[in-house]
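Colleague: Predicted model, plus sequence, below.
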Amino acid sequence: MKVEIFYTPGCSECVAAHAKLRAMAQEAVQEVEWRELNILEELDHAVELGVITLPSIVIDGELVFTSMPTVAQLRDALIKRTKARVS
Amino acid sequence: MFTIGKLASLTSVSNDTLRYYEQEGLVEPAGKSPAGYRLYDKDSARRIHFIKHAQNCGFTLAEIRELLALRGRDNACCGDVRTRAIEKKLQIEHKIRAMKAMSKALDQLIAECANEAQPVKECTIIAALERATVAAPVQ
């Protein structure tokens, strides 16, 4: 599963939140590809995925969060997708 | 202190636009003359210039109101404004893509209509647009 977080550089709160979310994702999902993307370096890719607010989280190419989720919200989204893959 | 007319000429904005900005809470008179006319100060002129520049960058009046609020907030930082600027750029990039797609669709229609002398009833552009209307979902 591929998780992409688009963030604005210089946001110290975001860096702290990313670390918590990443730790949870690596624990909750097997073989998670975690990418933290500086929006200014990945603008075209962000536009392709439909990102218009920051931060945004895209899971397997689908824009899922348009603001910073809580750890529980992201865990739910990841688990839901894992179950959908299995079934 | 300036009257609304003077402020309008200083900022190259019409009196009606200034009144509209006032209705929208973007600018406030600094006081009133003894005769009851609204009076504005240099800060009002600065705000109007700010609004105009922000509009040129694509910000809506609602977004400009937020930017003005951030400008006056002690605990706000440049990063808050920067994020809004980046989000605006993302919106603009989306619009550019949508416009390019429209332009491409028009290129196709124009290319399909090679015979200018054809009667309008047989016009391929009209026919294609009619097909598109039928295919569009009913709102």
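Modeller: Arrived safely.
Colleague: Can you name every helix or strand that the host helix or strand of B:I51 contacts?
Modeller: B:I51 belongs to helix B:42-56 when elements are defined using DSSP states H and E. Other elements packing on helix B:42-56 under the criterion 3 or more CB pairs under 8 Å, 6 or more residues apart in numbering or on different chains; DSSP states H and E are helix B:4-11, helix B:15-23, helix B:61-71. The C-beta positions use only the backbone N, C-alpha and C, and glycine is treated the same way.
Colleague: ok, and what's touching the second one?
Modeller: What it means is helix B:15-23. Contacts with helix B:15-23, where a contact means CB atoms under 8 Å, 6 or more residues apart in numbering or on different chains, come from B:4-5, B:7-8, B:11, B:13, B:27-29, B:38, B:48, B:51, B:61.
Colleague: Determine how far that helix lies from the middle of the whole chain.
Modeller: 16 Å (CA atoms, centre = their mean, to the nearest Å).
Colleague: Return the set of buried residues in that helix.
Modeller: Of all the residues in helix B:15-23, those buried under the rule 16 or more other CB atoms under 10 Å in any protein chain shown are B:18, B:21-22.
Colleague: Quick check: A:N38 touching A:E4?
Modeller: No. A:N38 is beyond contact range of A:E4, at 11.6 Å (criterion: CB atoms under 8 Å).
Colleague: Give me the angle between the helix ranked longest in chain B and helix B:61-71.
Modeller: Ranked by residue count, the top helix of chain B under DSSP state H comes out as helix B:78-112. Compare the direction of helix B:78-112 with that of helix B:61-71 by axes from the mean of the first three to the mean of the last three CA atoms, to 10 degrees and you get 160 degrees.
Colleague: Please see if helix B:78-112 touches chain A.
Modeller: Yes. Contact of helix B:78-112 with chain A (CB under 8 Å from any CB of the partner chain) involves B:79, B:82-83, B:86-87, B:89-91, B:93-94, B:97.
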